[in-house]
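**Student:** A predicted structure for the sequence below; I have some questions about it.
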Amino acid sequence: MLNKRIASHYLKPLKPIPTSMGKSGKSLSGIDCVLFDIYGTLLISASGDIGLAQNKKQSFDKIEYLIKKFKIKSDPQTLTTALKQAIASTHQSKREKEILFPEVEIDRTWMQVLNTRQREFGRKFALEYELTVNPVYPMPHLEELLQTCRSKKIRMGLISNAQFYTPYLFKWLLGAVPEDLGFHPHLIFLSYQIGYAKPSPELFQRAADALNKMNIQPQAVLFMGNDMLNDILPAKRVGFKTALFAGDKRSLRLRKDDPRCRNLSADIVLTDLNQLFEFI
């Protein structure tokens, strides 16, 4: 089983790197629900997003340690190349089924790469590999943000690219799984569970449909994320209000060179999670 003792080896304090942006926007009235991205928004991501490694040499040194620990007959370059190829192959097969932005289940992908039928082994390696290449830590004031949302009776949800270990991170870092932290169980949309990754409209449309059943209309919903393409664009397309989180240089994605984002702006820009309540 995955456990905090192993994870705690990797879960070390991180600090966000300030960006050149400042908070901006006008007050938003009538917000009944706030939906959040996870990596780069609620959690500091050392690589900027889930599954990305910035410093290849440093990551390879750490992956070498994992290879020896798990007694795998490979080397860092071969292993990472095999992982990328397995992911690309799964993506291609799903695109052939007209899934434009497909997602993988990373534990099953690792089982394929490691040539094992033992899912628990695949999960353990997947977790330690991810925390090796992409350490995470709560964004400053995250617990205060959640507490204030709970006290104000604001519904909370998640729309994020994520994997099976993502809910564990909340438990290990904040002491409870998302549902016990106040995230509504019907408003949690994680890519690995659905088979679609952002910026697919699928996750956001499912959220809009679930909220409609709760009699919450899109204009009463705010979505917060750090990526103009993956977060702000699809959120706007379903009618949500939007907040760009610009609190960490590593994860801020303005996508200025992408024509889809050229004339796109968020309703508000935040550089600290606590600033949210200055606008809603």
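**Tutor:** It's in.
**Student:** residues in contact with A126?
**Tutor:** By Cβ atoms under 8 Å, 6 or more residues apart in numbering, A126 lies in contact with I106, D107, T109, W110, Q163, F164, Y165. Heads up, the C-betas are built off the backbone N, CA and C, glycines and all.
**Student:** kindly tell me how buried the third one is, as a neighbour count.
**Tutor:** So that's T109. 19 (other Cβ atoms under 10 Å).
**Student:** go on, the last one?
**Tutor:** Residue neighbour count, defined by other Cβ under 10 Å, stands at 21 for Y165.
**Student:** next one: the fifth one
**Tutor:** The local packing of Q163 (other Cβ under 10 Å) involves 24 other residues.
**Student:** state the distance from Q205 to M228.
**Tutor:** In this view, Q205 and M228 are 19 Å apart by Cβ to Cβ, to the nearest Å.
**Student:** pLDDT weak spots in this protein?
**Tutor:** Within the chain, the segments meeting pLDDT under 70 span 1-2, 51-58.
**Student:** and the strands in it?
**Tutor:** Using DSSP state E, the strands found in the chain span residues 24-25, 33-36, 43-45, 136-138, 155-160, 183-190, 221-225, 241-245, 268-270.
**Student:** can I get the contacts of A126 in TSV with distance to D267?
**Tutor:** Output for the contacts of A126, formatted as TSV (distance: Cβ to Cβ, whole Å):
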residue	distance to D267
I106	33
D107	37
T109	36
W110	39
Q163	29
F164	33
Y165	32
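**Student:** contact partners for I188?
**Tutor:** By Cβ under 8 Å, 6+ apart, the contact set of I188 is G157, L158, P178, E179.
**Student:** does S45 touch V133 like I think?
**Tutor:** No: at 10.5 Å, S45 does not count as touching V133 under the criterion of Cβ atoms under 8 Å.
**Student:** helices of this protein, residue ranges please.
**Tutor:** For the chain, the helices defined by DSSP state H cover 4-7, 56-69, 76-95, 106-114, 119-133, 142-151, 166-174, 191-194, 201-213, 233-237.
**Student:** of all the contacts of A126, which two lie farthest apart?
**Tutor:** T109 and Y165 (13.1 Å; Cβ to Cβ).
**Student:** can you count the residues close to the spatially closest residue to F164 that is not a sequence neighbour?
**Tutor:** Spatial nearest neighbour of F164, chain neighbours left out: D107 (5.7 Å); criterion: Cβ to Cβ, 6 or more residues apart in numbering. Here the number of neighbours of D107 (other Cβ under 10 Å) works out to 20.
**Student:** likewise for N3?
**Tutor:** By other Cβ under 10 Å, the residues close to N3 number 11.
**Student:** so what's V269 bridging to?
**Tutor:** With DSSP bridges as the criterion, V269 is bridged to S24, L244.
**Student:** residues contacting it?
**Tutor:** Going by Cβ under 8 Å, 6+ apart, the list of residues near V269 reads M21, G22, K23, S24, G25, A243, L244, A246.
**Student:** may I ask which two of those are separated the most?
**Tutor:** Longest span within the contacts of V269, Cβ to Cβ: G22 and A243, 13.9 Å.
**Student:** give me the more crowded residue out of those two.
**Tutor:** Between G22 and A243, counting by other Cβ under 10 Å, A243 is the more crowded of the two (32 against 10).
**Student:** so how far is F277 from S20?
**Tutor:** Here the criterion is Cβ to Cβ. By it, S20 lies 24 Å from F277.
**Student:** what about R255, how many residues nearby?
**Tutor:** Number of residues near R255 (other Cβ under 10 Å) recorded here: 16.
**Student:** over to I67?
**Tutor:** For I67, the count of nearby residues is 18 (other Cβ under 10 Å).
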